[in-house]
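Participant: Have a look at this prediction, sequence included:
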Amino acid sequence: DIQMTQSPSSLSASVGDRVTITCRASQGITNYLAWYQQKSGKIPKLLIYAASTLQSGVPSRFSGSGSGTDFSLTISSLQPEDVATYYCQKYNGAPPWTFGPGTKVEIK
Amino acid sequence: DVQLVESGGSLVQPGESLRLSCAASGFSFSDYWMSWVRQAPGKGLEWVANIKQDGSATYFVDSVKGRFTISRDNAKKSLYLQLHSLRAEDTAIYYCARGSLTKGHDYWGQGTLVTVSS
């Protein structure tokens, strides 16, 4: 099975900072990579799919890039409402559709 | 609006069985893959299972293979997860999610809590 890793596991940054989270697949997954945001006590929300396509309604400060095995999620200017845990997920292709372990983002 | 509403979660003893349901509305249910994703208390997301639009294909994470079954009733716009031989490590919120081979999971239900404890 393809394993998904994320780094860092947590980060603390100031409002307005540029924040980048990386996700790595143990094998190539072309661009079948999604990013989700989960705020405390809430359900996950799809932010980005196909590695770089912004889901409708998601603020443009979020962006995604990568293909193959290495991917990243960038928040161009961190806002207080972005405090959450972010997960990548490999989808399509052979199951399991594995999630990464998550990256917790906090405000410094 | 797309809505997914799970039900059926409860406190059960190890070894017991449970059936979760997810009622869908606001979209053409039969056009989409559907998944179950779980989240143990304080832990990350774990994809559990999914089912093709017509129910002809199902897939499971290794840890539940042989114990869980996934099914759907397109006429009732409902998704099900049958859980057998439950273990303490199955304790989690179980989410129903709409799947897409192009987008991943774009809509999620509020979840239903399964607690396995003696």
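Facilitator: Ah, there it is.

Participant: Please count neighbours and contacts with C-alpha atoms only from this point.
Facilitator: Will do.

Participant: Kindly report the residues of chain A close to chain B.
Facilitator: With the criterion set to C-alpha under 8 Å from any C-alpha of the partner chain, chain A comes near chain B through A:32-34, A:43-46, A:49-50, A:87, A:89-92, A:95-99, A:101-102.

Participant: at 6 Å what do you get?
Facilitator: Taking C-alpha under 6 Å from any C-alpha of the partner chain as the contact definition, chain A meets chain B at A:46, A:49, A:91-92, A:96, A:101.

Participant: Including distance to A:Thr5, could those go into a markdown table?
Facilitator: Output for the residues of chain A next to chain B, formatted as a markdown table (distance: C-alpha to C-alpha, whole Å):
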| residue | distance to A:Thr5 |
| --- | --- |
| A:Leu46 | 18 |
| A:Tyr49 | 17 |
| A:Tyr91 | 14 |
| A:Asn92 | 18 |
| A:Pro96 | 15 |
| A:Pro101 | 7 |
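
Participant: quick check, A:Val15 in a helix?
Facilitator: No - read with DSSP: H, G, I helix; E, B strand; the rest coil, A:Val15 is coil and lies in no helix.

Participant: Contacts only, for it.
Facilitator: A:78-79 (C-alpha atoms under 6 Å, 6 or more residues apart in numbering or on different chains).

Participant: likewise the one 10 residues further on?
Facilitator: Shown in contact with A:Ala25 (C-alpha under 6 Å, 6+ apart): A:3-4, A:69.

Participant: Would you map the strands across chain A?
Facilitator: Secondary structure of chain A (DSSP state E): strands at A:4-7, A:10-13, A:19-25, A:33-38, A:45-49, A:53-54, A:62-67, A:70-75, A:84-90, A:103-107.

Participant: What does the pLDDT read for the nearest residue to A:Asp82 once chain neighbours are set aside?
Facilitator: Spatially, and ignoring its direct neighbours in sequence, A:Asp82 is nearest to A:Val105 (7.6 Å; C-alpha to C-alpha, 6 or more residues apart in numbering or on different chains). Per-residue pLDDT puts A:Val105 at 98.
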